[in-house]
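Undergrad: Model the following, please.
(chains A and B)
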Amino acid sequence: MHPADNPLVSHPRKKDRIRVIWRRFRRAIEPLTDSALALLPIILVIAFFQFLVLRQPIPRLGDMLGGVLEVLLGLALFVRGLQLALFPIGEEMAYNFLRKGNLWWLLVFAFALGFGTTVAEPALIAIAEEAARIAADGQVIAASAEAQGQYAIGLRLTVALAVGIALVIGVFRILKGWPVQYLIIGGYFGVVLMTAFAPPEIIGIAYDSGGVTTSTVTVPLVAALGIGLAQTIHGRDPLIDGFGLIAFASLTPMIFVMGFGMLY
Amino acid sequence: MDTMVGFGATLLGMLRDILPIAAILFGFQALVLRRKIKNPARVGVGMVFVVIGLTLFLEGLQNALFPIGRLMAQQLTAPEFIYHASEAAAGPPHWMDFLWIYAFAAAIGFATTVAEPALIAVAIKAKQVSGGTITVKGLRYAVAVGVAIGVAVGTFRIVTGTPLHWFIIGGYIVVIIQTLSASRLIIPLAYDSGGVTTSTVTVPLVAALGLGLAETIPGRSAVMDGFGLIAFASLFPIVTVLAYAQLTEWLAGRRDKNSQQK
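TA: Next up, the predicted model:
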């Protein structure tokens, strides 16, 4: 047999080498093409409405292109960081807590993670300040800056408490293997019941506060924690039992904020 | 120079947001679990990627997309655009005058959700865990369609002034009915996708649209009616993700039946 035909000996031919380099290059820029695809709809929507509906040129086109490049690069880096850091940390901690065997500490951790990440969440701070202004306008509280500040902090602590409790309930559910829908539908009844009694000014804010609590860094950590627990505990399915923590974290704040509105 | 200062400020803000999370993680790891993290260098690099990546992402959004998005929301909700000169005096607005706004609401809801980093994270995890049955793109588009419908219905509600809770309670009823018949494999993921849709990209643009609209329409107040769009954007994805799963299941079932008959 001619050595070049022997399949056991590798003979890097020029064509193959180019193919390997091309494949490596494509894999290297894949995160960038992925984030470009993620960003394309926004650019199309803006272009369509700006040119065809509003019929106006784009102001400061240069800044806009620079910003788009930043967004592309940022998204690609974030996705890589997810896989290097946030996912492994969440899963490893789930495994370590179960190995340690003390589940109380796991519940304390769940509460700390929910409370700690929510209380400083910028979107929540903005909503709490807005809510304080509304409460002052509606003469629920005094119009002074001090009263508004207290109201806003009270609201933030309420939402953070709600998210902490949500993660405790969610983790407990994974440990027990309860189906998620009974608890969530139970929560829906809680929301409806509270809506009947809560003051009308608070309802819009309460409903919105459910959506804003879960930040971009918290979501991957919490998802990885849930999936890590479900993968480690015998008899749990990661798809059925691992997901669901975020759902709790966006449901309890609605109930808690309406309760806060009733107490104030 | 300005961009450097802006970047620095955003980076500091990002570090301040991440600090409590890092403190909780490492505090528990060091004091309670008392174990070293595996591959500390890899995790460290990953954290740096997350911080710098999110900083660049936010900076870029603030420089490029948010200003024009907000400006467009303002222009589309401006009275001059909505009421054409001839109809301006013809009394209260009809909900049909706002068709471009519903279209914009749906389009911007869809587009911002596809780019939402938290949703990408959950979709990557869902793909890994499901062994590829759930695709990253499939889940993201299903959620984005949900947000599109949600924000469009939400703007319609602001225009008509119907109380928010009737829509939300109606949505809950639909979710409960779907839950009864959906595969239990998809239910937790569907519920989760409601919460992840609305963060970095979607909230600022959608909130600007809601507040702008509530200010333009006579009889609506920004404080009472401007809120609530985010609630719609977190409820409707649950419906569309469940519907997407039910649809693919139904199609697969039909295909199986056909192949058995042959």
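Undergrad: domains for chain A, by residue range?
TA: According to the domain assignment given by automatic domain parsing, chain A is divided into the following structural domains: A:1-59, A:85-263.
Undergrad: To chain B, which of the ones you listed lies closest?
TA: Set against chain B and scored by Cβ to the nearest Cβ, the domains of chain A come closest in domain A:85-263, at 2.7 Å. C-betas here are computed from N, CA, C, even on glycine.
Undergrad: could you pull out the helices for the stretch 1-150 of chain B?
TA: For the stretch 1-150 of chain B, the helices defined by DSSP state H, counting those that start in this stretch occupy B:2-27, B:40-60, B:66-77, B:79-82, B:99-114, B:117-130, B:136-160.
Undergrad: Check the model's average confidence along the first one for me.
TA: Think helix B:2-27. Over the span of helix B:2-27, the pLDDT mean works out to 81.
Undergrad: Relative to chain A, how far out is residue B:128?
TA: 8 Å (Cβ to the nearest Cβ, to the nearest Å).
Undergrad: Oops, could you answer that again for residue B:67 instead?
TA: Using Cβ to the nearest Cβ, one obtains 8 Å as the distance from residue B:67 to chain A.
Undergrad: Quick one: neighbours of that residue, just the number.
TA: Counted with other Cβ atoms under 10 Å in any protein chain shown, residues neighbouring residue B:67 total 16.
Undergrad: quick one: pLDDT of it?
TA: 83.
Undergrad: And for residue A:7?
TA: Here the pLDDT value assigned to residue A:7 is 56.
Undergrad: List the residues that contact the residue in the stretch 51-200 of chain B that chain A sits nearest to.
TA: Residue of the stretch 51-200 of chain B nearest chain A, by Cβ to the nearest Cβ: residue B:64 (2.4 Å). Taking Cβ atoms under 8 Å, 6 or more residues apart in numbering or on different chains as the criterion, residue B:64 is in contact with A:63, A:64, A:65, A:66, A:67, A:68, A:70, A:71.
Undergrad: Same question for the helix or strand containing the second one: list its buried residues.
TA: So the one you mean is residue A:64. Residue A:64 is part of helix A:61-81, with elements assigned from DSSP states H and E. Using 16 or more other Cβ atoms under 10 Å in any protein chain shown as the test for burial, helix A:61-81 gives A:64, A:66-68, A:70-81.
Undergrad: What's the mean pLDDT across it?
TA: Per-residue scores along helix A:61-81 average to 89.
Undergrad: With just CA atoms, put it into PDB.
TA: Coordinates of the C-alpha atoms in helix A:61-81 are reproduced here as PDB (Å, rounded to 0.1, in the frame of the first residue of the first chain):
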ATOM      1  CA  LEU A  61     -26.000  57.100  12.100                       C
ATOM      2  CA  GLY A  62     -22.300  56.700  13.100                       C
ATOM      3  CA  ASP A  63     -23.100  56.500  16.900                       C
ATOM      4  CA  MET A  64     -25.700  54.000  16.100                       C
ATOM      5  CA  LEU A  65     -23.400  51.700  14.100                       C
ATOM      6  CA  GLY A  66     -20.800  51.900  16.900                       C
ATOM      7  CA  GLY A  67     -23.500  51.000  19.500                       C
ATOM      8  CA  VAL A  68     -24.600  48.000  17.400                       C
ATOM      9  CA  LEU A  69     -21.100  46.700  17.300                       C
ATOM     10  CA  GLU A  70     -20.800  47.000  21.100                       C
ATOM     11  CA  VAL A  71     -24.100  45.100  21.500                       C
ATOM     12  CA  LEU A  72     -22.900  42.400  19.200                       C
ATOM     13  CA  LEU A  73     -19.600  41.900  20.900                       C
ATOM     14  CA  GLY A  74     -21.200  42.200  24.400                       C
ATOM     15  CA  LEU A  75     -23.800  39.600  23.700                       C
ATOM     16  CA  ALA A  76     -21.200  37.100  22.300                       C
ATOM     17  CA  LEU A  77     -19.000  37.600  25.400                       C
ATOM     18  CA  PHE A  78     -21.900  37.200  27.800                       C
ATOM     19  CA  VAL A  79     -23.000  33.900  26.200                       C
ATOM     20  CA  ARG A  80     -19.400  32.600  26.400                       C
ATOM     21  CA  GLY A  81     -19.300  33.800  30.100                       C
END
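Undergrad: Thank you, goodbye.
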